[in-house]
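> I would like to see how this sequence folds:
(2 chains)
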Amino acid sequence: MIQIIEINETGFSAPSELYNQRAVGIDFGTTNSLIAISTQQKPRIIKDFQDEELVASIIKFNNSNFIIGDKNFPLHSIYSIKSLVGKNRDDVLNNPTLFDRFKNFIDLNSTSLRLNLDGITLTVPELASKIFIYLKQQAEKDLNVKVEKAVITVPAHFNDAARGDVMLAAKLAGFEVLRLISEPTAAAYAYGLNKKKQGVFLVYDLGGGTFDVSILNMQEGILQVVATGGNNMLGGDDIDHLLAQYLECSVAQAKQAKERLSYQDALKEISLTRSKLEEIIQPLINDTINITKDTIEQANKSEIDGIILVGGSTRIPLITTALGEAFGNIKIFSDIDPDKAVVWGAALQAENLTASNINFLLIDAVPLSLGLELYGGIAEKIILRNSPMPISVTKEFTTYADNQTAMQFHIVQGEREMVKDCRSLARFELNNLPLMKAGGVRIEITFSIDADGILSVSALEKSNHLSHNIEIKPSYGLDEQEVNKILENAYKNAAYDHNNRLLQETIINTKSLIYNVEAAIKEMPPQLLAEDEKAEIHLAIMELQEYMNTNKRELIEEGSKKFEALTEKLIAQRLNYTIEQLLKGKHVDKIS
Amino acid sequence: MIFFLYNIKMSNYFELLKIEKSYNIDLKILNHQYFAMQAKFHPDQARTNEEKKHNLSISIELNKAYSVLKDDLQRAEYLLSLNNINFNDDSVKQIASKIQLSSIWNELELIEDTNELSALKQLYNNKLLEQKNEISLLNLAFQNHNLCDVVNIITRLKYLKTLIGNLQLKIKFCK
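Predicted coordinates:
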């Protein structure tokens, strides 16, 4: 997470306590999201209320409720919200692919990026936070404690704005983010710790919306990120859309066809063969291979001991074939489920950062270069990407005009040469410079990134040995007022979300009570239950069902209690009957 | 360049990483030492905020030291700087003789004019070989304490680095 903080502070985000807290790992994915907890280096994925490990990242709004993971209403649900993270309105309007996928939801009246979902209008972080809330609830239910600390994974080369959006979404859901780590790094972490692998490994991570490649050096107790590369706009979704175009069918149907062709050679009913699919997606796979080659060149490591496959899309057999062709005899690993390796790693790192008895060090690298704008709109890189963190780099700048009294600094992020092609992070100005000839005033600028990935920038005017304190606010792509408003709403909604959860639990409990009673009646011999008693219970069940439809928790609970009292006799009778059956024909002395 | 951070002695990068001060270092030992020191001093290994703060400055120095020492060219320049010889672009231009400069200029032009992939690749491989050769010469020059040769070889290596970088870009472009 590159976040700019106040300059005059030392560059630390002070954690309140370092140890003795349980923390979860979260993989917020384009297609699926997962939450896991690690205990003594054994990660475990926490299942949701439907008993699923993979929660589909689908958001639906119904009767003032947010429903996550329901695949049944594709036209009224937001899919792949992650592909909008870090984007502004113009980014989406200028990107035909993105615009096409979200055109039914984008609020065109708003100047910032907002989506309409069945009558409500929300920003991307707000929508994403609904997924985080859902995951948090499932973890709290499973662990029976409050879950507030998390390590969250992001694509390796997500920029500052995208990381900011993810942080905000997690914050809105009530999480304190211990750290954002990159997805391929998390996967490697899982392999390093869990499979005890050592050497230089390449992680090829093709997910639903993003492609990442990372090269890591794994040694005993240590994992060093050597180089990363990738493309934020390339993933399984693109394959689905290409195939949907070819088949002239819906994206969901195309996705299903693609998935089935990973395990069979042809789909006769739609006359599509695997080789035709491969022909369609070949250019896309070639792109990933070229990015992989570039990253290996960057890493300057001649020997790669293995390739680790991560992300659901790597189930496509063509990927293994293409990697084999490009990198010959390098062994390919997929022994951890490609959908689960990332969340395992996140959970392991969460435990590592909060438990004192575990020491597995991750030395992360800077994902994107950071620099300053020079005269003429050129971006001068101060910290190069793939530099190990923490890092601090100082460079000297001078005035370009005589008696220049002020100097402007513009901090940018990205690999391109020109400022206009990079992402702007912040600007600041130094005033009251001493009057001198051009080049006479020398200013030292220091960029520092700490182990949490937080950037701070400081300036020192050398001729007078005066340091200048500059305050730069975080750049979240949203202004501060807007962030506050969203937070306010979130707190309001948090109470609502909590009540809603209690309601759902009450309904589930009531339903199971009814089910048990109905089952008991069925098993009972008719002579034990009078017709009028039966009718009374039947009526009570109908009444309870009506209460459940009102969504009023107190009413349902009250009804439940009455129903329990009414059926108590029945349950007792049934118990007696069962005992009688057991006792039949047996001597009393054999019973005890 | 002398730092005193608690009990850490680091008057230079070699001492900081506890390896022999020499040009000809064993990269395996460098790696091992770097990992061992980070395992001790990385901020994530700290147990208190105080310790975390203390570790941060050491960890930053370890990263700097490792980046410089693992690179053949940067390590050479660093050793020279410990002998108070500092490189900057101007001095390099002065050292490079006119003949050298014109031959380098020709090579840059040749790359510019070559568009055939196989020819570029051959040129690239030649330059890599040349680079390897210069580095072994550099090793020898350091062994013989011949600082004059060291300066000349570093100058040549810097230009080779530019040439190789240009070739890589060109090859990518031609593909």
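> Let me see the contact set for A:Gln282.
A:Leu318 (Cβ atoms under 8 Å, 6 or more residues apart in numbering or on different chains). Any C-beta I mention is one placed from the backbone N, CA and C, and that applies to glycine too.
> and A:Val342, how many neighbours?
Using other Cβ atoms under 10 Å in any protein chain shown, A:Val342 has 33 other residues around it.
> In the stretch 451-592 of chain A, what residue comes closest to chain B?
Using Cβ to the nearest Cβ, A:Ala451 is the residue of the stretch 451-592 of chain A that sits closest to chain B, at 4.0 Å.
> Look up the closest residue to that residue, ignoring the ones flanking it.
Closest residue in space to A:Ala451, ignoring its immediate chain neighbours: B:Pro43 at 4.0 Å, by Cβ to Cβ, 6 or more residues apart in numbering or on different chains.
> What count of nearby residues applies to the one you found?
By the criterion of other Cβ under 10 Å, B:Pro43 has 22 neighbours.
> so what's the residue of the stretch 451-592 of chain A closest to chain B up against?
Neighbours of A:Ala451 in contact, by Cβ under 8 Å, 6+ apart: A:Asp364, A:Met389, A:Pro390, B:His42, B:Pro43, B:Asp44, B:Leu56, B:Ser59.
> again, only using 10 Å
A:Ala451 makes contacts with A:12, A:179, A:362-364, A:389-391, B:42-46, B:52, B:55-56, B:59-60, as judged by Cβ atoms under 10 Å, 6 or more residues apart in numbering or on different chains.
> How many neighbouring residues does the residue of the stretch 51-200 of chain A at minimum distance from chain B have?
Chain B sits closest to A:Arg179 of the stretch 51-200 of chain A, with a gap of 9.0 Å, by Cβ to the nearest Cβ. The tally of other residues near A:Arg179 (other Cβ under 10 Å) stands at 20.
> Near chain B, which residues of the stretch 51-200 of chain A are found?
Residues of the stretch 51-200 of chain A lying close to chain B (Cβ under 10 Å from any Cβ of the partner chain) are A:Arg179.
> ok, which stretches of the stretch 51-200 of chain A are helices?
Using DSSP state H, counting those that start in this stretch, the helices of the stretch 51-200 of chain A run over A:89-93, A:96-102, A:124-143, A:160-172, A:183-194.
> Next, the buried residues of the third one.
Using 16 or more other Cβ atoms under 10 Å in any protein chain shown as the burial criterion, the residues of helix A:124-143 that qualify are A:124-140.
> Pull the contacting residues for the closest residue to chain B within the stretch 151-300 of chain A.
Residue nearest to chain B within the stretch 151-300 of chain A: A:Ile222 (5.0 Å; Cβ to the nearest Cβ). Listed by Cβ under 10 Å, 6+ apart, the contact set of A:Ile222 reads A:192, A:198, A:359-363, B:34-36, B:38-39, B:42.
> do that again at 8 Å, thanks
Residues counted as contacts of A:Ile222 (Cβ under 8 Å, 6+ apart) are A:Phe360, A:Leu361, A:Leu362, A:Ile363, B:Phe35, B:Gln38, B:Ala39.
> For the strand or helix carrying the fifth one, what does the pLDDT average out to?
It stands for B:Phe35. Using DSSP states H and E, B:Phe35 falls within helix B:27-41. Average pLDDT, helix B:27-41: 93.
> No more questions from me, cheers.
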